[in-house]
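sharing a sequence plus its predicted fold:
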Amino acid sequence: MVPEIVGGGNTAMDGNTFGAWLDGIRGLTAEQRGQGFRALALAEAADGANPASLAPPAGVVMISSSLTIGGTPPGNSDFAVVRTRDVPVNAAPASSAPETVSLAAAAQSKVDLTGCPHCGGQRLQRWGHVSGLQRHRCGDCRRSFNALTGTPLAHLRMKERWEAQTQALITGESLIKAAERCGVAVTTAFRWRHRFLSAPALDKPSQLTGIVEADETFILESFKGKRSGLPRPARKRGGKASKRGLSAEQIPVLVARDRSGATTDAVLAKLDRASVTAALDGVVTPDNQLCCDGGKAIVSFARKAKIPCCILPKPGGPRPEAPNLHINNVNGYHGRLKEWLRPFHGVATEYLDHYLGWRRTVEALGTGVGGQDWLRAALGIRVPLTNEN
């Protein structure tokens with residue numbers, strides 16, 4: 001048993017009692033340690049002491065079992081005392097960051113939603129901490145895991161810099177600027193970008209509702225990042241196609257969007273019915289009203305799937321007799337997508353689906369998006385639609 005701390009007034013422990021109390025700390029559970037820290041903080045506040053007096057002595061670092069990026073540890077975290085060399089630690093106050101991005105909170109949300117990543121079981125128990133993350137053990141398959149297991153972020157290091165990475169995704173920075181923001185090499189920034197975008201690239205609605213607008217757009221093929229084996233001479237900063245109009249150099253991208261703003265897209269191997277069917281089968285059904293500008297591949301898909309299809313004269317504006325049938329929304333989305341891609345000076349076709357997912361997530365999150373939203377999206381937590389068009 002740990003002797004009770006008697007606070008208030010001028011009452012103080014004698015040396016022997018205080019020594020016994022310190023010796024008993026080793027026997028405390030994690031929960032008891034947390035209660036002890038809170039009791040000490042309340043006692044200091046009641047005595048009107050300087051908050052700086054609560055700081056640990058030189059050579060002692062407080063390590064939280066709950067990882068928080070860019071802020072102070074949460075109030076219910078468990079702490080351990082670790083002796084280190086006498087190295088000064090300059091910890092920035094929580095107020096220095098515009099937003100606290102909590103990996104612990106996002107991780108718990110992931111576990112609550114998906115359960116065990118191995119079998120989907122929900123009978124979970126806490127199984128210690130590793131690398132600052134809570135581990136769990138599944139009562140069904142008996143395997144242990146943390147919230148990053150089975151996600152694109154598994155095994156990535158330097159978690160304390162992930163907040164900066166989420167900000168780079170929000171602002172749409174180049175790799176060089178993202179590397180400077182995160183304090184990592186450009187190669188690391190490249191790897192982080194596409195790890196963070198892997199889950200959003202797959203986050204598409206399973207089905208669109210009501211009136212659906214569909215149209216294709218074309219993006220110049222790019223081998224950006226490839227150093228050898230190019231089928232043509234390299235271009236600088238995106239470059240231009242060698243031929244005007246449509247050609248094999250232009251990669252078709254199909255976009256379908258309903259009136260709530262839900263959007264699905266796909267990089268097509270070829271602009272034909274088979275490719276369109278692979279992208280829209282089950283997503284657009286006979287319950288929908290499909291609007292398009294008469295593209296053969298889309299019309300052929302609609303007829304084969306027996307989906308009501310309204311063919312509009314290009315560029316897809318409404319007819320007087322049916323003002324609600326048009327493809328203005330999807331055409332507007334095409335414009336915003338290409339304008340957003342412009343500062344990248346061309347994106348590698350190999351990763352074009354990641355950039356499409358990036359843009360869909362930007363549109364879905366809308367204004368006021370925060371780093372916590374992007375961290376949840378990178379973990380594979382479905383992004384709710386916040387801005388309806």
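It's in.

what stretches of the stretch 151-300 of the chain score poorly on pLDDT?
By pLDDT under 70, the weakly predicted segments of the stretch 151-300 of the chain are 245.

how about the helices in it?
162-171, 175-182, 186-202, 273-280, 296-305 (DSSP state H, counting those that start in this stretch).

nearest to residue 340 among these would be which one?
The closest of these to residue 340 is helix 162-171. By Cβ to Cβ, the value is 11.6 Å. Glycine gets a C-beta too; all of them are placed from N, C-alpha and C.

and the closest one, how far out from the chain middle?
9 Å (Cα atoms, centre = their mean, to the nearest Å).

dump the helices of the stretch 151-300 of the chain to CSV, plus distance to residue 375.
Shown next, in CSV, are these (distance: least, Cβ to Cβ, whole Å):
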stretch, distance to residue 375
helix 162-171, 6
helix 175-182, 14
helix 186-202, 9
helix 273-280, 28
helix 296-305, 36
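
out of the ones you listed, deepest packed?
Ranked by mean neighbour count, the helices of the stretch 151-300 of the chain are led by helix 162-171 with a mean of 22 (mean count of other Cβ atoms under 10 Å).

CA atoms of that helix as CSV?
Taking Å, rounded to 0.1, in the frame of the first residue of the first chain, the C-alpha atoms of helix 162-171 are listed here in CSV:
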residue,chain,number,x,y,z
TRP,A,162,2.3,13.1,-39.7
GLU,A,163,0.5,16.2,-38.8
ALA,A,164,2.7,18.2,-41.1
GLN,A,165,2.0,15.6,-43.8
THR,A,166,-1.8,16.1,-43.4
GLN,A,167,-1.3,19.8,-43.8
ALA,A,168,0.7,19.2,-47.0
LEU,A,169,-2.3,17.2,-48.4
ILE,A,170,-4.7,20.0,-47.4
THR,A,171,-2.7,22.7,-49.2
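
and that helix, what other elements does it pack with?
helix 175-182, helix 186-202, helix 371-378 (3 or more Cβ pairs under 8 Å, 6 or more residues apart in numbering; DSSP states H and E).

so this structure: which segments form each domain?
15-88, 204-228+248-347 (automatic domain parsing).

what's the closest of the helices of the stretch 151-300 of the chain to residue 15?
Among these, helix 162-171 comes nearest to residue 15, with 45.3 Å by Cβ to Cβ.

quick revisit: of all the helices of the stretch 151-300 of the chain, which lies closest to residue 229?
helix 186-202 (19.5 Å).

so who does the closest residue to residue 247 other than its chain neighbours touch?
In this structure, residue 247 finds its nearest non-sequential neighbour in residue 241, 6.5 Å apart by Cβ to Cβ, 6 or more residues apart in numbering. For residue 241, the contact set (Cβ atoms under 8 Å, 6 or more residues apart in numbering) comprises 220, 247, 249-250.
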